[in-house]
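Participant: Model the structure of this input:
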Amino acid sequence: MSAVVFFPLTHPTPLAEIAEVAGAEIRDPAVAGERAPPIILNVAPLDWSRPGDLCFYDDPRYRRALADCRATACFLRARHLPLLPEGVIGLVVDNPQRAMTRATAHLFPEALRPGSLFQARGVSPGAAVHPEARLEPGVTVDPGAVIGPGAEIGAGAVIGPQAVIGPHVRIGRDCAIGAQASVTHALIGDRVIIHPGARLGQDGFGFAPTARGYLKTPQLGRVIVQDDVEIGANTTIDRGATRDTIIGEGTKIDNLVQIAHNVVIGRFCAIVAQAGVAGSCEIGDFVQLGGQAGVAGHLTIGEGARIAAKSGVMRDVPPGARVGGV
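Facilitator: The predicted structure follows:
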C-alpha cells in the first residue's frame, strides 16, 4: 500500500526559520561551516526519526529513544545537550513541547482545524442552505450540510458534510464545524472548532417528578461559546433551562464530554475525555478536569482548581485546590 500524506508540508523549511518561529537557539558548531543550511521536511518521534525530521526531548523516560534519534534537529533544554547523538542539531528552548507545537503548526497549518472534507471552497450544490440564512463571503459548506433559516455564519468558516446548523444560530468567523455535528439554539464566537459528531444546544435533562412519572420541563436557554474554544468529537453541551449554558474563551473540551444545562465554564479551562458536569455548576477560569471525572449539580469549582481523573466531586472546590478521589 502506498503511503498517504493527509497533511502536506507547507514547504521545505530552513532550520533557521524553525528556530525563529519557536524561539530556539541553534546549538551545533558542526553546521557552522556547511554550505547548505539544514532543511526540515517532517516531524517525528525520537526513535522513528531520520534526516530531515524535527523532534523534541522533554522527559527522562525517553532517554533511550533520544539515543536512537537520527533527526536533523531536536528541541531540548540546555542541560540535555550532552545526551544528543552525534549529527543531531540541538535547538535549545525552555519548554521543548511548546516549541515543538509552534514549529509543527508552522509546518502543517492545515492540521490545526477540520477543513472541507470535499476539499472545495464555497457552498456545495449538495448542501441545503435556507434562503433566509446569511453567509458572509468565504464560507465553505460541504455536501449534505443543512443550514436553517435566519442562521448567520462568518467569513472563513467551514461547515462539514451532514453538519446541521439550526435556525437563528450565530457562528463567528474562521470557525470549523466538523462532519455530522449539530449546533442549535447557540451563539458561537470566532475561531471556534467543533469536531465531528458534537451536539450543541439540545434539551437539557429537565424533568419534574410526579406520582405518574416525569413531567418534561421546557428548556428555554441557549448555548454560548466564546472565542477560541475547541470542542471534541461526540461531546454534548445542553442548552440552558431558563439561563444560558456558557463555555468561556479559550477553553478546550476533549471528546465524549457531557456538559449539562445551565453550566457556566470559565476561560482557558481544560476538560478531558469522558468527564461529566451536571446542571447549574459554575467552573472558574483555568480549571483542569481530568478524564472520567464527574461533578455533581449546583457546585462551584474555584479558579485554577485541578480535579484528578476519575474523581467524584460532591461539594464545592476552593480556588487553586488540587483534589482527587471522592
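Participant: ok, His130 - how many residues close by?
Facilitator: 14 (other CB atoms under 10 Å). C-betas here are computed from N, CA, C, even on glycine.
Participant: Identify the residues contacting it.
Facilitator: By CB atoms under 8 Å, 6 or more residues apart in numbering, His130 lies in contact with Ile147, Gly148, Pro149, Gly150, Ala151, Pro167.
Participant: What of Val146?
Facilitator: Contacts for Val146 (CB under 8 Å, 6+ apart) come out as Ala127, Ala128, Gln162, Ala163, Val164, Ile165.
Participant: Ramachandran coordinates for it?
Facilitator: When read as degrees, to the nearest 10, the backbone of Val146 gives phi -120, psi 130.
Participant: Repeat that for Ala103.
Facilitator: Dihedral angles (degrees, to the nearest 10) for Ala103: phi -70, psi -40.
Participant: shouldn't it be in contact with Asn42?
Facilitator: No. In this structure, Ala103 is not within contact of Asn42 by CB atoms under 8 Å, at 11.3 Å.
Participant: Give the intersection of the neighbour lists for the two.
Facilitator: Common neighbours of Ala103 and Asn42 (CB under 8 Å, 6+ apart) are Leu54.
Participant: Among the contacts of Val146, the buried ones, what's the ChimeraX command?
Facilitator: Buried members of these, defined by 16 or more other CB atoms under 10 Å, are picked up in ChimeraX with:
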select :127,162,163,164,165
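Participant: Include pLDDT, secondary structure and distance to Ala275 when you put the contacts of Val146 into a markdown table, please.
Facilitator: Output for the contacts of Val146, formatted as a markdown table (pLDDT from 0 to 100; DSSP: H, G, I helix; E, B strand; the rest coil; distance: CB to CB, whole Å):
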| residue | pLDDT | secondary structure | distance to Ala275 |
| --- | --- | --- | --- |
| Ala127 | 97 | coil | 33 |
| Ala128 | 98 | strand | 34 |
| Gln162 | 97 | coil | 27 |
| Ala163 | 98 | coil | 24 |
| Val164 | 98 | strand | 25 |
| Ile165 | 98 | strand | 26 |
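Participant: I'd like the contacts of His130 written out as TSV, with pLDDT added.
Facilitator: As requested, the contacts of His130 are exported to TSV (pLDDT from 0 to 100):
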residue	pLDDT
Ile147	98
Gly148	98
Pro149	98
Gly150	98
Ala151	98
Pro167	98
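Participant: which of these are buried?
Facilitator: Applying 16+ other CB under 10 Å to these flags Ile147, Gly148, Ala151 as buried.
Participant: can you pull the contacts of the closest residue in space to the second one that isn't next to it in sequence?
Facilitator: Residue nearest to Gly148 in three dimensions, not counting chain neighbours: Pro167, with 3.9 Å by CB to CB, 6 or more residues apart in numbering. Under the criterion of CB under 8 Å, 6+ apart, the contact partners of Pro167 comprise His130, Gly148, Pro149, Gly150, Ala151, Thr184.
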